[in-house]
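Visitor: Pasting the sequence and the predicted coordinates here, then a few questions.
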Protein chains: 2
Amino acid sequence: MLLAEPLERAIEELSKLPSIGKKTAQRLAIHLLKNDQTDVDSLIKAIVELKTKIHFCVDCFNLAVDDKCAICLSQKRDKTIICIVEEASDVIAIEKTNEYNGLYHVLGGVLNPLANVTADSLHIAELVKRVDSGEVTELIFALNPDSEGDTTSLYLIKIFKEYPLKLTRIARGLPIGGDLEFADIATIGRAFIGRITV
Amino acid sequence: MLLAEPLERAIEELSKLPSIGKKTAQRLAIHLLKNDQTDVDSLIKAIVELKTKIHFCVDCFNLAVDDKCAICLSQKRDKTIICIVEEASDVIAIEKTNEYNGLYHVLGGVLNPLANVTADSLHIAELVKRVDSGEVTELIFALNPDSEGDTTSLYLIKIFKEYPLKLTRIARGLPIGGDLEFADIATIGRAFIGRITV
């Protein structure tokens, strides 16, 4: 009764977004209400195009406009190295360092039994297939340095240690418990240079 | 080149929202990308309905589903008192206290020459008209306790001191320099009870 129903609904939908609480959602909703229709239209258009134009790369599950992402399509990348990351945003963070020239594999998360994320819900089978059929000689583990990331790395190492591969992990220059996506460029770059055999 | 163009666009549009920086916008965009289409659709629908179904009350410029808002339409409200606030979100905050039973007038901002907000861009003429034609006996100033709020209150007091009206300001129980929208209910309620004649 206090809030009109459409406002209530908008606040509810906005507060489902990550890092947006009830109060921020209310502020955003009222901002949108006061905003010009054209501004709101271009926000909506951007979100719609985000969903329709961007897909996940069929090979590595990075963001892609076509079937394959720009990195998989590039002739300049070293196709013998695959860097394993949790999310597509990690690819963006690593690319900004200019320290890495191989391919990627986006797992789409990390093992987390409490949140019902098992090996089957990650892109692990696809990674095994890539290694089986490809010219890969090195796998680099670049998961977040927290317990879920470490557990997932160990799970993958167990799978790939039978293969004739160099298995490496980026150096713990990253702050433990932190979030790769938000680390600074220099730290991520250093971690790539100082990677160690596992 | 690093980011696909639709993603770049979505991040740009999202970072235009208040309190959303570039990194948060990137996180939101990637969340939307990963999210189910139905969830994104219901977010978009909520925003569209927010803009189409909610208007501003023709009398007090509060949020309204019809021409007039629920408060102006109510038979239970005291129509001899008008409380002047900056934004519709302030009405929501005050209503939650249950300390006030009069009407409102939403200015749509405060005087701020640096941001090009002059008296003409606020709903001041409409307030004068309401006082002229109405049964109003008291105006309560409930603007944010900062310099712009105070300047705007003084500007309005100058206009209305010639009228046979009681002019009051809510008590400075509010933390100075703070934001009414985010004050706690008890503080706003106390400020209403302790209002002083100006």
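Guide: That came in fine, so what should we check first?
Visitor: quick one: low-confidence parts of chain A?
Guide: A:1-2, A:173 (pLDDT under 70).
Visitor: The residue nearest the centre of it: what's it in contact with?
Guide: Nearest to the geometric centre of chain A sits residue A:87, at 1.2 Å (CA atoms, centre = their mean). Counting by CB atoms under 8 Å, 6 or more residues apart in numbering or on different chains, residue A:87 makes contact with A:106, A:108-109, A:181, B:30. Heads up, the C-betas are built off the backbone N, CA and C, glycines and all.
Visitor: Over to residue A:112?
Guide: residue A:148.
Visitor: ok, it to residue B:65 distance?
Guide: 43 Å (CB to CB, to the nearest Å).
Visitor: Equivalent analysis for residue A:140, please.
Guide: Counting by CB to CB - residue A:140 and residue B:65 are separated by 56 Å.
Visitor: Grab the longest helix from chain A for me.
Guide: Determined from DSSP state H, the single longest helix within chain A is helix A:37-53.
Visitor: what about that helix, near chain B?
Guide: Yes: Helix A:37-53 reaches chain B (CB under 8 Å from any CB of the partner chain) through A:37, A:39-40, A:42-44, A:46-51, A:53.
Visitor: Buried only: go through the residues you listed for me.
Guide: A:40, A:43-44, A:46-47, A:50-51 (16 or more other CB atoms under 10 Å in any protein chain shown).
Visitor: export these to a markdown table and tack on distance to residue B:11?
Guide: Below are these laid out as a markdown table (distance: CB to CB, whole Å):
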| residue | distance to residue B:11 |
| --- | --- |
| A:40 | 17 |
| A:43 | 11 |
| A:44 | 15 |
| A:46 | 9 |
| A:47 | 11 |
| A:50 | 9 |
| A:51 | 14 |
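Visitor: higher neighbour count, residue A:140 and residue B:65?
Guide: residue A:140 (22 against 15; other CB atoms under 10 Å in any protein chain shown).
Visitor: so what's that one bridging to?
Guide: With DSSP bridges as the criterion, residue A:140 is bridged to residue A:83, residue A:168.
Visitor: how much space between residue A:176 and chain B?
Guide: Using CB to the nearest CB, to the nearest Å, residue A:176 is found at 21 Å from chain B.
Visitor: Tell me which residues of stretch A:128-142 come out buried.
Guide: Buried, per 16+ other CB under 10 Å, within stretch A:128-142: A:130-131, A:136-142.
Visitor: In this structure residue A:193 contacts residue A:98, no?
Guide: No: contact between residue A:193 and residue A:98 fails when scored by CB atoms under 8 Å: they sit 11.6 Å apart.
Visitor: hmm, stretch A:59-66 touching chain B?
Guide: Yes: Stretch A:59-66 is in contact with chain B by CB under 8 Å from any CB, via A:63-65.
Visitor: can you map out the strands along chain A?
Guide: A:55-56, A:63-64, A:78-85, A:102-106, A:138-141, A:166-169, A:196-197 (DSSP state E).
Visitor: Tell me how chain A divides into domains.
Guide: Per the record, chain A has its domains at A:5-53, A:60-197, by automatic domain parsing.
Visitor: rewinding a little: what would the buried residues of stretch A:128-142 look like in a markdown table with distance to residue B:72?
Guide: Shown next, in a markdown table, are those (distance: CB to CB, whole Å):
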| residue | distance to residue B:72 |
| --- | --- |
| A:130 | 64 |
| A:131 | 68 |
| A:136 | 69 |
| A:137 | 73 |
| A:138 | 70 |
| A:139 | 66 |
| A:140 | 64 |
| A:141 | 62 |
| A:142 | 59 |
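Visitor: ok, so of those residues, who is nearest chain B?
Guide: residue A:142 (16.8 Å; CB to the nearest CB).
Visitor: For that closest one, grab phi and psi.
Guide: phi -130, psi 50 (degrees, to the nearest 10).
Visitor: I'd guessed it sits against residue A:84; true?
Guide: Yes: with contact defined as CB under 8 Å, residue A:142 reaches residue A:84; the gap is 6.4 Å.
Visitor: residues in contact with residue A:12?
Guide: Per CB under 8 Å, 6+ apart, neighbours of residue A:12: A:25, B:46.
Visitor: try 10 Å
Guide: A:22, A:25, A:29, B:42-43, B:46 (CB atoms under 10 Å, 6 or more residues apart in numbering or on different chains).
Visitor: What distance do you get for it to residue B:39?
Guide: For residue A:12, the distance to residue B:39 - CB to CB - is 12 Å.
Visitor: likewise residue A:145?
Guide: 30 Å.
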